[in-house]
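In: Sequence and predicted model, in that order:
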Number of protein chains: 2
Amino acid sequence: MPRPADPATRDRILAAASRLFYTRGIRAVGMAEIVAAAGCGKNVLYRHFPSKEELVLAYLHRLAEQLDDSMDAAVVGLEKMPSAALVAVTREVADRVAARGFRGCPFRNYLREMRDPSDAPGRFALTEIRALRRRVDGLVAAMGVEEPDVMADRIWLAIEGMYASAPYGDRPAAATSAVGLVQELLAAA
Amino acid sequence: MPRPADPATRDRILAAASRLFYTRGIRAVGMAEIVAAAGCGKNVLYRHFPSKEELVLAYLHRLAEQLDDSMDAAVVGLEKMPSAALVAVTREVADRVAARGFRGCPFRNYLREMRDPSDAPGRFALTEIRALRRRVDGLVAAMGVEEPDVMADRIWLAIEGMYASAPYGDRPAAATSAVGLVQELLAAA
DNA sequence: CCCGATCTGGACCGATCGGTCCGTACGATC
DNA sequence: GATCGTACGGACCGATCGGTCCAGATCGGG
């Protein structure tokens, strides 16, 4: 092979696409713009990602990996304290929501932005959201509280409410309100 | 005038467009499809609505009117009981979310679906959402609770959480969980 | 030095969509 | 019955987007 393909190119493309996808929306960003931002030809992009759907899938996969790692790190050492772990999970979401440049949860954004959320990225986004929900369910179950479904529903409302209200919310303090709400819910049980 | 324009045609077009917009998404529905569903020519549609944006605006306006009326009706007679009015508002949202054919809040859907939410329909959707938020703020203020901001934030989390989790939520009981949550929040204050 | 493969950049194609325009038919008024 | 405006249906236009392909430049291996 006279000139091997640069393996860093794929990362460069994915990084550029990720930034554009997240800040401006997936449908609003065309492949031409991604190519221009990545500084490569369309040929190379389509060699690494055979379609826009595959590129979006890779974008969501990478974000899911980061989110899962953050969540795992947030609850490490709290295996014996599911209540504290639930607060940590809530705080992790609150930190993300309150961070500069937050433009909504990318998985929820995808499901709302696309016309057909049953394609491969849509199914993946759904499973990622449900994975967080299952994490909450498992921690609530480990608490041994009565009516675990109700407790999990309420915590989930706080998490979904944070994700939903942050993009156009006037009060950035709403995220910290959610943490306080979850703390009180758990303290009362 | 040999043949007067039928004033019912505008309603027919708006009704057909509303159904399509809500069930399938605004961007996913083209003007040709609306024309076919309304049973009229493109000419007539563009006479009543000079652009798709105007048609969408009329669609959102009508829904906002219905929502405002429902909210007004839900709190009528509860002027002296802001706590009960807050529960009624929450229950109204819960009923809508749990209703058959619910596909998300149309205003929030628009903001997530469009690439530029700062156009006329986007600004209107934002004001409509903020109107509900102000209604919650006003009722909480009328309660005279300490830390009204925190209370309003928490109730708002429940409302946003309902709207957000309903479209892909596995547990339709989450809506009733939200009503119970708001009831307990108010009872504790 | 030359060959081959990859790179960039852009022209190009087909499909879709918003919006305009045209040909035809209908129906009310004179 | 002649006329004029409306309604219908569809052809058409320009723009955009995903995806393909081509031309020329670049660089490593024989």
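Out: All right, it came through fine. Numbers count the residues shown, from 1 in each chain, chains lettered A, B, ... in the order given.
In: Could I get the full set of strands for chain A?
Out: Counting by DSSP state E, chain A has no strands at all.
In: need the residues of it near DNA strand D, please.
Out: With Cβ under 7 Å from any atom of the strand as the criterion, chain A meets DNA strand D at residues A:1-3, A:27-32, A:41-43, A:46, A:50-53. C-beta: built from backbone N, CA, C; applies to glycine.
In: Residue ranges in chain A under the pLDDT threshold?
Out: Chain A contains residues with pLDDT under 70 at A:1-6.
In: can you list the domains in it?
Out: Following automatic domain parsing, one gets these domains for chain A: A:1-50, A:52-188.
In: Point out the residues in chain A that sit beside chain B.
Out: Neighbours of chain B within chain A, by Cβ under 8 Å from any Cβ of the partner chain: A:24-25, A:27-28, A:104, A:108-109, A:111-113, A:115, A:117, A:126, A:129-130, A:133, A:149-150, A:153-154, A:156-165, A:167-168, A:170-171, A:173-174, A:177-178, A:180-181.
In: Among those residues, name the buried ones.
Out: Buried members of the residues of chain A next to chain B, scored by 16 or more other Cβ atoms under 10 Å in any protein chain shown, are A:25, A:27, A:104, A:108-109, A:111-113, A:117, A:126, A:129, A:133, A:150, A:153-154, A:156-165, A:167-168, A:171, A:174, A:177-178, A:180-181.
In: So which of the residues you listed belong to helices?
Out: Under the assignment DSSP state H, those contribute A:108-109, A:111-113, A:126, A:129, A:133, A:150, A:153-154, A:156-165, A:174, A:177-178, A:180-181 to helices.
In: and the buried ones among the residues of chain A next to chain B near DNA strand C, which?
Out: Counting by Cβ under 7 Å from any atom of the strand, no member of those reaches DNA strand C.
In: Could you check how many residues crowd around the closest residue to A:Phe102 other than its chain neighbours?
Out: Spatial nearest neighbour of A:Phe102, excluding adjacent residues (Cβ to Cβ, 6 or more residues apart in numbering or on different chains): A:Ala166 at 6.0 Å. Neighbours of A:Ala166 under the rule other Cβ atoms under 10 Å in any protein chain shown: 23.
In: and what of the one 10 residues further on?
Out: By the other Cβ under 10 Å criterion, the neighbourhood of A:Thr176 contains 18 residues.
In: so it makes contact with A:Ala94?
Out: Yes: contact between A:Thr176 and A:Ala94 holds when scored by Cβ atoms under 8 Å: they sit 6.4 Å apart.
In: Give me the neighbour count for A:Ala187.
Out: Other residues within reach of A:Ala187, judged by other Cβ under 10 Å, total 9.
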